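[1] Whatever this is, show me its structure:
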Amino acid sequence: FLISAALAWETAFNRGVPVYGRWWFMTLGAALLLNTAACQALRFASCPRRSLLLHAGVLLVIGGGFASGARKFSAELPLTAGHRSDEARTDRAVYRLPFSVKLISFRVLYDGEPSYGLAAGGRSYPLTAGGSFSLPDGTGVKVLALFRDLGIGPDGSREEKSPYYFNPAAELEISSGTRREKALLFSGMASPHGRGRPDLLLRVEGAAPAGYESEVELEAEGEKKRATVSVNSPASFYGYKLYQHGYDPADPASTTLLVKRDPGVPAVYAGFALISAGLILWIL
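    Got it, this is the predicted structure:
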């Protein structure tokens with residue numbers, strides 16, 4: 001009852017430090033574990049096998065859950081390409097890992113090559129670098145340049161900041177009669193050059209990232225391991241798991257990994273396996 005009340009309070013009301021690692025919560029967990037084990041020991045000789053499996057599974061799940069609460073580790077590891085680090089960080093502390101990680105490269109993955117289009121007058125026109133076309137009102141459009149991640153310097157110079165579609169843009173030459181002007185359009189933003197004409201809107205389809213992956217080199221005590229860490233494929237090393245956690249669009253040569261260690265997970269999985277086996281025997 002006390003553990004259930006603590007979990008309910010943690011879920012509904014607690015906004016501070018979680019209860020899971022506190023000494024009094026761990027004491028309650030140890031008491032529950034010992035109580036369950038003692039109750040089962042009194043019936044060990046006469047207890048059916050299915051009941052033994054069920055109770056053994058419950059003991060493992062409880063023990064593994066509280067082991068996770070006491071010993072679980074999770075921290076962020078920021079990395080820059082070409083550099084090695086062993087310092088993982090949380091909001092409150094910096095931890096030195098028993099191994100170091102070097103970022104070889106970071107990649108943003110797309111389902112395919114994104115396409116550029118110009119929305120004008122209720123129609124959409126595909127854009128290709130160097131291409132040209134006319135709008136229904138006779139306005140001519142010429143595509144001067146397409147950018148994936150446009151950066152503009154203090155002097156007005158334009159350059160690609162990265163190979164990723166973080167800030168897509170298109171530079172167009174708009175002509176009407178003898179008048180010509182350049183328009184720089186950004187994805188999803190209305191054109192500031194729609195003087196008396198339908199607004200021009202740049203649309204970039206397929207530019208949403210489909211995934212991220214970091215190629216890293218792990219090293220500890222002379223042992224080296226190369227691995228690729230992606231969103232659904234963590235790397236394992238020295239009892240830790242490394243997950244792709246985040247990146248900085250302003251710095252495409254950097255990434256952030258999440259380093260986790262949870263010693264209670266194997267016991268919890270084993271406990272669920274025993275509970276499943278006990279339920280199957282119960283049904284049979």
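[2] Now do stretch 165-178, average pLDDT.
    For stretch 165-178, mean pLDDT is 89.
[3] Report the buried residues of it.
    Neighbour-count burial for stretch 165-178 flags Tyr165, Phe166, Asn167, Pro168, Ala169, Ala170, Glu171, Leu172, Ile174, Ser175 (criterion: 16 or more other Cβ atoms under 10 Å). All C-beta spots, glycine's among them, are computed from the backbone N, C-alpha and C.
[4] which residues are contacting stretch 75-83?
    When contacts are defined by Cβ atoms under 8 Å, 6 or more residues apart in numbering, stretch 75-83 is touched by residues 85, 87-90, 95, 97, 101-106, 214, 216, 242, 245-246, 251, 253-259.
[5] so Leu150 touches Tyr164, yeah?
    No: using Cβ atoms under 8 Å, Leu150 is not in contact with Tyr164; the gap is 11.7 Å.
[6] Tell me how many other residues crowd the nearest residue to Arg261 once chain neighbours are set aside.
    Leaving aside its sequence neighbours, Arg261 sits nearest to Phe73 (Cβ to Cβ, 6 or more residues apart in numbering; 4.3 Å). Using other Cβ atoms under 10 Å, Phe73 has 15 neighbouring residues.
[7] Would you check that Phe73 makes contact with Gly264?
    No: counting by Cβ under 8 Å, Gly264 is not a contact partner of Phe73; they are 11.5 Å apart.
[8] Which neighbours do the two have in common?
    Residues touching both Phe73 and Gly264 (Cβ under 8 Å, 6+ apart): there are none.
[9] all helices for the stretch 151-284 of the chain, in order.
    265-283 (DSSP state H, counting those that start in this stretch).
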